[in-house]
Every structure is written in structure tokens, then in C-alpha cells.
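S.K.: whatever this is, show me its structure:
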Amino acid sequence: MKQQFRTDIRTLALFLTPLLWVGQAAAQTPIPPSTQFDITGFLEEATVTTAADPFSGGLLKVNGHTVTVPTNTVVIMPAAAFTWQELFSQAPVPYKALNLTGLALADLPAPLASYEVHVVGNRVLPDANHLTDQYIAGLIYISQQGLNSGAGFINFIDYTLG
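M.R.: Residues are numbered from 1 along each chain as shown. Purely as a prediction, here's the structure:
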């Protein structure tokens, strides 16, 4: 009888133990009205709101997402920092007259190389003025092959071959 009782307790414990691991089922929480985003891709399009205002914002497109660039946004490049408007006012000859940057794939004439943009900011849910999610930039980095970098040690220099 005592042996049977121990077996029953072990069997009961064997079946009840997994129930301790099971949590409560709950519905997924709704998406908050604002979340962060971090996008890296080719700069597809770029526009400025007011070309005469040195601190003007605008729009950029990366990976199919249109991102709002607020006024006073600073763009970090490998060797310089510009306001968004300065990308347009400092553009080379054919682009400056057309109010383009010369960095975006949609610019005409097309740039000789592609430029990548890394944008970090906030995604805001639609409201009365916007039908879809709005992406608002906080940080913008533009470079060529920014992820293609490396580090190492020079362990030999061949002076005869250069």
C-alpha cells in the first residue's frame, strides 16, 4: 500500500510539473503610438523643403520608406557634417542648379556611384494628416560602403615592389 502511494505521488508529480512551466495565455499588446526604427540602405530619393533656408528639412527615401527630415537636422558624412539643405546647396554643378544632391539614385544625371544612408528615428502611427505610418529621422549618416571597413596590423612592407 505504501509503495502504491509513492508511485501515485510520483505519477501525479510527473503530470503536474509541466503545468508549472506553462504561463498564462494573453493577447499581444497593441503597438505603441511611437516606436523606433533603424534603416540602412541606398539613398533612393532626396528632396529639400525650402532651398533658401540653410536649416530646412525635407524628405528622403531608403528601402522604399519615405522618411521626414526635420528642420535643423545634421547629416554626418565620413569627413564632414552638413545640414540637410547644405547637401543640396553644396552639390556639384549639374545637380545644384536642379536642386538635387547628386547622392540619390533618382537624381538625373544618375550619380557615378551609389550612396548608402543609415537613418535612425521614430515611427509614428497614422493620424488625421497622414494616412500611413510616418518615419521621422533623428540621426542620418551618409557614406559609400560604410559597412565595408576593416582593421588590422601591417606586418610586412615590400620596399622592392612597393
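
S.K.: so who does the spatially most central residue of the chain touch?
M.R.: In the chain, the C-alpha closest to the average C-alpha coordinate belongs to residue 39, at a distance of 1.8 Å (CA atoms, centre = their mean). Contacts were defined as CB atoms under 8 Å, 6 or more residues apart in numbering; by that measure residue 39 touches 62, 63, 65, 67, 117, 118, 119, 135. No exception for glycine: its C-beta is placed from N, CA and C like everyone else's.

S.K.: quick one, which of those residues are buried?
M.R.: Buried by 16 or more other CB atoms under 10 Å: 62, 67, 117, 118, 119, 135, out of those.

S.K.: and of the residues you listed, the nearest to residue 141?
M.R.: Checking those against residue 141 by CB to CB gives residue 118 as the nearest, at 4.3 Å.

S.K.: surely the closest one is in contact with residue 40?
M.R.: Yes: using CB atoms under 8 Å, residue 118 and residue 40 qualify as a contacting pair, with a distance of 4.5 Å.
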